[in-house]
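Engineer: structure here, sequence nowhere to be found:
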């Protein structure tokens, strides 16, 4: 099979990827580009550990064939760290002890970021809906919901989220 | 770390403490075993038994060996030293009965038979699919009662009754305390029931996995998410026939475990594959593997018979438990001992007899999960306490407070109670939930038993 050359922007850097068949965005980000925050929990769209932003929208990297992403702008947690654009959310996660084993956390932060970018004053139900695709097995949903609520409150008061 | 979460000497209890890794977790910078990049890494896929119980007549790996990208293929012949093993050999548990790769028999659907190592995971999967195993099917059992019935299909020659024999040929892990038989004869009421729990998959978000890397100095580095590093190192060395000094395990960071990463199902295989292939090998459960072939919490069947006095005192407790360990023992005796030691629960019962059996069936081998053996014990005991309360038409809170152990009481496994807190815990629960207790029950204390 001939590989198709796909151009992507990942965390602000232009990348040219030889996209064989159904090679997923997750494989490209983790294995070719070494973005380790993109976790692999199920490789079937069930756990949310590989959540990233594609053109600012929340997406599951394991379900996206790279060949379909010509010209897309991808942001992983590494990208948010570089611009410190999830700083308030991360600070709130620490304050609320909203992580235990940490494996779902990158995806949780990405989902929280996507939510707060879209809806700066979410209700508790909005938050639960926003993280409903991110599984946590250390039973951390309550502190996570509280952390996102607290981050929204700080950002509304003019925190330094952006 | 924020100031409020620092621990001051002498002021730790009741204070929240910030998890050490929290800052790196929220930035996604915690390093899990899979985040380590190793050059020229190979991938491993296991061809597994498609039947629950069978004799193996033939294993044909010729097509797998010819498959694209396949570097090596391992069968039981490639296990250099210990072809059958057991998890607690170091503390005298015998005999070894679980093969790394099946020898002449398979005892559960999913048992590893052949390991295929290839340049890519896809190639390893394609190769593993080309292995051909010829079986002579045997009758199977999937329930402890069926396994213990006379004439049941037998899994192991060394355990003809389908249950493990504890040291000194004891059929069960046993607790004997007081004279239960005499107490039953004198009891006002007998309350008995059977309680069942079912298997659960631990389902950590990060599946179990390991990367085994051969070094030029003859040592091997194993990057792993095992919950049991020391045992894994010793057992993997034993299986490979090398000194543990030649194994360097790097781990301690697991993306969830809950007991599901205690079983050493991964590391010995990855090590053997790296030894044979002379290259780094990654062996990782897919989500499907995790849900279908990794060990689960066992099904437990707990039968309790209690002798009870009209005033609510439990004077005798008989417990017979059958832990369905599945096809192999693994760590199940540890769960059996914990279960037995937990009897008769946090209550002072002067006459106790408990027998905890590890029963073999043709199910997926079971393992630890969050309170190994204790959860099924507590579940059964607390259900039984409610049943007794109902039988006596007594308030279940009062029944528990009356029987709760006090400091100075002797537990059935002959350890004196010195840190009792159940009375105070129940009283606090009552206050918080608006349950009104009679005055004499409010005055009870773990320090002494009133009125008896």
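Structural biologist: Received the coordinates, thanks. Here the structure is a predicted model, which means the values were calculated and not measured.
Engineer: near chain B, which residues of chain A?
Structural biologist: Within chain A, the positions near chain B by CB under 8 Å from any CB of the partner chain are A:34, A:36-37, A:39-44, A:46-47, A:49, A:77-78, A:81, A:90, A:93-95, A:97-106, A:109, A:135-138. From N, CA and C alone the C-beta is placed, and that goes for glycine too.
Engineer: domains for chain B, by residue range?
Structural biologist: The domain map for chain B lists B:1-30, B:42-137+B:203-286, B:167-199+B:296-422, with the assignment taken from automatic domain parsing.
Engineer: give me the distance between the two termini of stretch B:326-336.
Structural biologist: End-to-end distance of stretch B:326-336 (CA to CA, to the nearest Å): 14 Å.
Engineer: equivalent analysis for stretch B:219-231, please.
Structural biologist: Its start and end residues considered, stretch B:219-231 measures 18 Å (CA to CA).
Engineer: is chain A within reach of it?
Structural biologist: No: using CB under 8 Å from any CB as the criterion, no contacts between stretch B:219-231 and chain A are found, and the smallest distance is 9.5 Å.
Engineer: the residue in the stretch 301-450 of chain B that chain A sits nearest to - nearest residue in space that isn't next to it in sequence?
Structural biologist: When CB to the nearest CB is the measure, the stretch 301-450 of chain B has its nearest residue to chain A at residue B:370, with 10.5 Å between them. If the residues on either side of it in the chain are set aside, residue B:370 comes closest to residue B:258, at 5.4 Å by CB to CB, 6 or more residues apart in numbering or on different chains.
Engineer: ChimeraX command to pick out the buried ones of the residues of chain A next to chain B?
Structural biologist: In ChimeraX, selecting the buried portion of the residues of chain A next to chain B, with burial taken from 16 or more other CB atoms under 10 Å in any protein chain shown, looks like this:
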select /A:36,37,39,40,41,42,43,47,49,77,78,81,90,93,94,95,97,98,99,100,101,102,103,104,105,106,109,135,136,137,138
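Engineer: JSON lines for the domains of chain B, including mean neighbour count and distance to residue B:431?
Structural biologist: Conversion of the domains of chain B to JSON lines gives the following (neighbours: other CB atoms under 10 Å in any protein chain shown; distance: least, CB to CB, whole Å):
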{"stretch": "domain B:1-30", "mean neighbour count": "13", "distance to residue B:431": "18"}
{"stretch": "domain B:42-137+B:203-286", "mean neighbour count": "20", "distance to residue B:431": "32"}
{"stretch": "domain B:167-199+B:296-422", "mean neighbour count": "20", "distance to residue B:431": "12"}
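Engineer: okay, domains of chain A per the record?
Structural biologist: Taking automatic domain parsing as the reference, chain A has its domains at A:4-80, A:86-156.
Engineer: pull the contacting residues for the closest residue in space to residue A:60 that isn't next to it in sequence.
Structural biologist: Setting aside the residues directly before and after it, residue A:60 is nearest to residue A:45 in space (CB to CB, 6+ apart), at 5.0 Å. When the contact criterion is CB atoms under 8 Å, 6 or more residues apart in numbering or on different chains, the partners of residue A:45 are A:60, A:62-63.
Engineer: looking at those, which are in helices?
Structural biologist: With helices taken from DSSP state H, there is no overlap with those.
Engineer: which parts of chain A are helices?
Structural biologist: For chain A, helices defined by DSSP H occupy the ranges A:25-27, A:77-83, A:87-95, A:105-118, A:124-130, A:141-156.
Engineer: and the shortest one, what's buried?
Structural biologist: For helix A:25-27, a neighbour-count test (16+ other CB under 10 Å) marks A:25-27 as buried.
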